[in-house]
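**Student:** okay, predicted coordinates and the sequence, questions at the end:
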Amino acid sequence: MTPSVNTLGKYQIVREIARSNDIVWEAVDPELGRRVAIKELNLPEGVTEVQRQERIHRFLREAKAAGRLGHPNIVTIHEVDIDNGRHYIVMEYLEGENLRERLQRQGAIPLKEAVDITLQVLAALEHAHRMGVVHRDIKPENIHLLPDGLVKITDFGIARIVFEPNITIDGQIFGTPSYMSPEQIEGGEIDQRTDIFSLGVVLYEMLTGRKPFTGESIVTITYNIMHKEPTPPPGVPYGIERVLMRAMAKRPIDRYASAREMAEDLKRAMEPGALVMPAPPPVVAPPPQTASPSPASLPPLLNPVPNPAPVVSQSSALPQAQKKPPPPLPKPHEPWLSPRESEAMKQMILTLFLGLLIVLVAYGINIAYERYVEMQRMEALSTQMSDGVKLAQAGNHREALARFVNVYHNAKSAEVRTVAARNAAVCLVHLGDEALQTGRADLALQYYQQALEYDPTSAAARQRMDQLSRLYSGNLSAPPPIALPPASRLNGSASEPPPRPRGNEPLAMELYMRGLEAYQRGDRLTAVDLWQKAIQAAPGSETARLAMESIQQLTAR
């Protein structure tokens with residue numbers, strides 16, 4: 001019997017609340033008469049079996065992470081179930097609005113209210129961290145404000161349970177980086193201090209109405225997070241400013257070690273005396289000086305001395321003729337330079353100064369031009385990175401890979417190269433999965449190996465290579481007996497055999513990638529030669545078609 005569209009399990013659907021990666025419904029529990037919110041896994045059409053399993057795993061990870069927590073400031077999970085293939089999580093229904101809606105409607109939030117929201121989030125994070133859960137996605141959209149002033153954090157979709165492995169890196173690469181910590185951008189070790197950094201960014205945005213790290217592209221935002229210090233928020237007490245700057249420190253070791261430590265500093269900064277700048281110390285006037293006593297006020301001597309005889313100086317006693325003449329005045333020094341030489345020296349110094357000024361101006365213009373050229377190049381790379389992300393999200397991983405490889409070979413920033421390499425590795429893993437679905441385990445192995453060359457930390461590529469090694473023990477020509485749709489179903493016929501390989505496709509792919517690298521170095525002749533060899537190695541294949549398109553685009557310029 002087909003279930004009604006107005007029910008999900010035992011719950012009666014009232015209306016759709018939101019829809020993004022998943023669907024959120026308002027529903028009613030008929031047994032308890034309780035109003036609930038249901039988050040249903042939404043799988044887009046055309047996803048592969050590997051992608052489907054990853055999405056389901058992540059969805060269940062959210063339920064597991066939030067379900068093990070019980071705190072007034074964390075959304076409560078009632079039930080996790082599956083109904084006719086529909087995975088869903090039942091949680092408490094939240095009135096009010098999230099913090100993003102509040103900021104868009106009002107702008108900056110008053111200091112006392114912003115600190116109160118932050119303290120409630122810190123209380124929730126302290127409990128989660130103590131239970132071994134790192135949220136990893138603290139942002140205004142995941143902070144809900146109830147009408148009675150209670151705050152709850154939601155959406156544990158990419159939460160990390162300590163001592164358990166990550167399930168995928170896709171969400172980290174294609175997510176919005178505005179609230180990510182530097183170690184998240186670099187793909188480093190993640191702990192509770194990552195949530196503290198993100199909450200510091202949220203508190204800054206509440207107090208100012210704007211984000212501390214901005215930019216017109218992903219590359220600019222991530223660069224500012226890694227290298228730029230945020231501007232101190234105007235009109236904020238010094239104690240609050242110190243808390244903000246420490247929470248958003250670049251190195252985790254310089255941040256607060258725990259949510260409780262940050263909460264204690266916030267409370268101290270909000271004490272009445274801490275919100276007022278201390279008054280300067282009073283100026284103390286020097287004590288008045290006592291006048292010297294006059295001779296008349298002095299007491300008489302016990303033994304007065306008779307008036308002494310007047311003393312006559314020896315010089316005045318000498319005869320006038322014996323007096324020595326005064327010494328002669330020293331002769332003034334003559335100037336080192338004549339007036340004409342002095343004027344010539346001034347002209348020479350002025351000429352040197354003007355010459356030095358011209359050199360400095362020319363140097364400044366050259367530096368400004370180089371910076372302009374570099375900014376243009378960075379903008380072009382940023383556009384390619386954004387295009388690659390859009391293509392990858394649309395499922396066109398081959399075209400997305402070309403964009404990411406170009407950014408990787410041309411970017412000067414190590415951080416940008418790291419992001420491009422990780423994105424390229426993700427695309428190669430997807431291409432390998434597609435090759436497995438067509439029975440090309442040997443080609444899939446080539447893709448997974450290339451993914452590890454770009455990102456040696458890719459758990460997805462390493463896991464798939466290990467599976468292939470265990471399944472085939474060196475024989476990669478047979479179709480893979482794993483939980484993937486069979487080639488016959490992909491081709492639309494149960495009786496049609498899987499497609500036969502056309503030529504040497506692994507060699508064709510290697511030649512194509514080498515040609516792409518030659519093109520990025522500026523060696524177009526070598527690139528065309530390698531692409532032609534790729535066409536000859538596997539004529540009629542997808543790689544040959546891609547090589548032909550690359551040659552046509554190059555010759556058309």
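**Tutor:** Right, received. Where do you want to start?
**Student:** for stretch 543-557, which positions count as buried?
**Tutor:** By neighbour count, and taking 16 or more other C-beta atoms under 10 Å as the criterion, the buried residues in stretch 543-557 are 543, 544, 546, 547, 550, 551. Every C-beta, even on glycine, is put in place using the N, C-alpha and C of the backbone.
**Student:** just the endpoints, please. Distance across stretch 39-52?
**Tutor:** Across stretch 39-52, the straight-line distance between its terminal residues is 17 Å, by C-alpha to C-alpha, to the nearest Å.
**Student:** mind listing what's buried along it?
**Tutor:** Within stretch 39-52, the residues scored as buried using 16+ other C-beta under 10 Å are 39, 40, 41, 43, 48, 50, 51.
**Student:** for the fourth one, which three-state class applies?
**Tutor:** Per DSSP: H, G, I helix; E, B strand; the rest coil, the local secondary structure of residue 43 is coil.
**Student:** quick check, pLDDT for it.
**Tutor:** Looking at residue 43, its pLDDT stands at 84.
**Student:** okay but it is in contact with residue 55, surely?
**Tutor:** Yes - using C-beta atoms under 8 Å as the test, residue 43 is close enough to residue 55 to be in contact (6.1 Å).
**Student:** pull the number of nearby residues for residue 234.
**Tutor:** Other residues near residue 234 come to 8 when the count uses other C-beta atoms under 10 Å.
**Student:** distance check, it against residue 156.
**Tutor:** Residue 234 sits 35 Å away from residue 156, going by C-beta to C-beta, to the nearest Å.
**Student:** go on, residue 87?
**Tutor:** In this structure, residue 87 and residue 156 are separated by 15 Å, where distance is defined by C-beta to C-beta.
**Student:** run through the chain and note the low-pLDDT ranges.
**Tutor:** Low-confidence regions of the chain, defined here as pLDDT under 70, cover residues 1-5, 157-176, 274-338, 471-503, 556-557.
**Student:** could you chop it up by domain?
**Tutor:** 7-92, 97-275, 373-499, 501-557 (automatic domain parsing).
**Student:** and the second one, how far from the chain's centre?
**Tutor:** Using C-alpha atoms, centre = their mean, to the nearest Å, we find the averaged C-alpha position of domain 97-275 to lie 12 Å away from the chain's own average C-alpha position.
**Student:** so residue 87 and residue 156 - more neighbours on which side?
**Tutor:** Using other C-beta under 10 Å, the more surrounded residue of residue 87 and residue 156 is residue 156, with 28 against 19.
**Student:** tell me if the more buried one really is in a helix.
**Tutor:** No - when classified by three-state DSSP, residue 156 is found to be coil rather than part of a helix.
**Student:** show me what contacts it?
**Tutor:** The contact partners of residue 156, by C-beta atoms under 8 Å, 6 or more residues apart in numbering, come to 61, 62, 65, 66, 133, 135, 137.
**Student:** helix or strand for the second one, which one?
**Tutor:** If I follow you right, that is residue 62. Using DSSP states H and E, residue 62 sits in helix 49-67.
**Student:** run through the neighbouring helices and strands of that helix.
**Tutor:** Under the contact definition 3 or more C-beta pairs under 8 Å, 6 or more residues apart in numbering; DSSP states H and E, helix 49-67 sits against strand 77-83, strand 86-92, strand 160-161, helix 414-437.
**Student:** comparing the ones you listed, which comes out most buried?
**Tutor:** Looking across the helices and strands packed on helix 49-67 with neighbours counted as mean count of other C-beta atoms under 10 Å, the highest average goes to helix 414-437: a mean of 23.
**Student:** could I get the buried residue list for the helix or strand that that one is followed by?
**Tutor:** Remark: after helix 414-437, the chain's next helix or strand is helix 441-454, criterion DSSP H and E. Of the residues in helix 441-454, those buried under the neighbour-count criterion (16+ other C-beta under 10 Å) are 441, 442, 443, 444, 445, 446, 447, 448, 450, 451, 452, 454.
**Student:** same check on stretch 122-133?
**Tutor:** Using 16+ other C-beta under 10 Å as the burial criterion, the residues of stretch 122-133 that qualify are 122, 123, 124, 125, 126, 127, 128, 129, 133.
**Student:** ok, stretch 358-377 next?
**Tutor:** Residues of stretch 358-377 classed as buried by neighbour count (16+ other C-beta under 10 Å): none.
**Student:** direction included, what does the lengthiest strand in the chain pair up with?
**Tutor:** Longest strand in the chain by number of residues, with DSSP state E as the criterion: strand 11-19. Its sheet considered, strand 11-19 pairs with strand 7-8 (antiparallel), strand 23-29 (antiparallel) by DSSP bridges.
**Student:** only alpha carbons, please: show that strand as CSV.
**Tutor:** Listed next in CSV are the C-alpha coordinates belonging to strand 11-19 (Å, rounded to 0.1, in the frame of the first residue of the first chain):
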residue,chain,number,x,y,z
TYR,A,11,3.2,11.5,11.8
GLN,A,12,0.7,13.7,10.0
ILE,A,13,2.3,16.4,7.8
VAL,A,14,1.0,19.9,8.3
ARG,A,15,3.2,22.0,6.0
GLU,A,16,6.7,22.4,4.5
ILE,A,17,8.9,24.7,6.6
ALA,A,18,12.1,24.8,4.7
ARG,A,19,13.9,23.0,1.8
